[in-house]
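Asks: Build me a structure from this.
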Amino acid sequence: MIIGVISDTHGLLRPEVLPLLAGSDHVLHLGDVGDPEILGQLATIVPVTAIRGNIDTHGPCAMLPETEVATLAGLHFYMLHDVHALDLDPTAAGFAAVLYGHSHKPEIRRHKGVLYFNPGSCGPRRFNLPITCGRITFGEDGQMEAEILDLPLLSFEARKAGAR
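Replies: Next up, the predicted model:
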């Protein structure tokens, strides 16, 4: 199973994201969607589970849950937008991973056997932070691995030429 993980699109689904999500069995969007069309576009290629972020205050995105538990590959993934709002013990709750966004800073770490994973932001660039998304895969031994995927951003000229 391959799980695509994205966050902080802020209303922009970059075309470079879709090839990186190709082959995913499921996509998890960790909030700050910004435009419900993004979830619709993703859902045409793969099942999507999404939560709302701090900018998702109006319209359909405001109706998304604040947190969610996605059960994939027999494991429980706790989804929230801001990890600083985590108000439970993931180990005691039996979660394999805590997935979050908000900071736009990609991060992979483990604590007490739980994966903490922020795929970074694949929406508009913020400061000098990279434009990234993420992927969770499972090895033959069943070991869960997370990776940060840098978007191969097209130049303005390449985008303009592709629009012709």
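
Asks: Relative to residue 5, how far out is residue 61?
Replies: Distance, residue 61 to residue 5, by Cβ to Cβ, to the nearest Å: 18 Å. Quick note: C-beta positions are derived from backbone N, CA and C, even for glycine.

Asks: For these two, indicate the residue with more neighbours.
Replies: Set residue 61 next to residue 5 and count neighbours by other Cβ atoms under 10 Å: residue 5 wins out with 30 against 23.

Asks: Check which helix or strand that one maps to.
Replies: Using DSSP states H and E, residue 5 sits in strand 2-6.

Asks: what residues does stretch 29-37 touch?
Replies: 5-13, 38-39, 42, 48-56, 59-61, 64, 79-81, 99-102, 118-119, 121, 123 (Cβ atoms under 8 Å, 6 or more residues apart in numbering).

Asks: Emit the ChimeraX select command for whichever of those residues are buried.
Replies: Remark: buried members of the contacts of stretch 29-37, expressed as a ChimeraX selection using 16 or more other Cβ atoms under 10 Å:
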select :5,6,7,8,9,10,12,13,38,39,42,48,49,50,51,52,53,55,56,61,64,79,80,81,99,100,101,102,118,119,121,123
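
Asks: Can you flag which of the contacts of stretch 29-37 belong to strands?
Replies: Of the contacts of stretch 29-37, the ones assigned to strands by DSSP state E are 5-6, 48-50, 79-80, 99, 118.

Asks: any weak-confidence spans in this protein?
Replies: 154-164 (pLDDT under 70).

Asks: where do the helices sit along it?
Replies: Using DSSP state H, the helices of the chain run over 17-21, 36-43, 90-93, 156-162.

Asks: okay, the ones you listed, which one's buried deepest?
Replies: Looking across the helices of the chain with neighbours counted as mean count of other Cβ atoms under 10 Å, the highest average goes to helix 17-21: a mean of 18.
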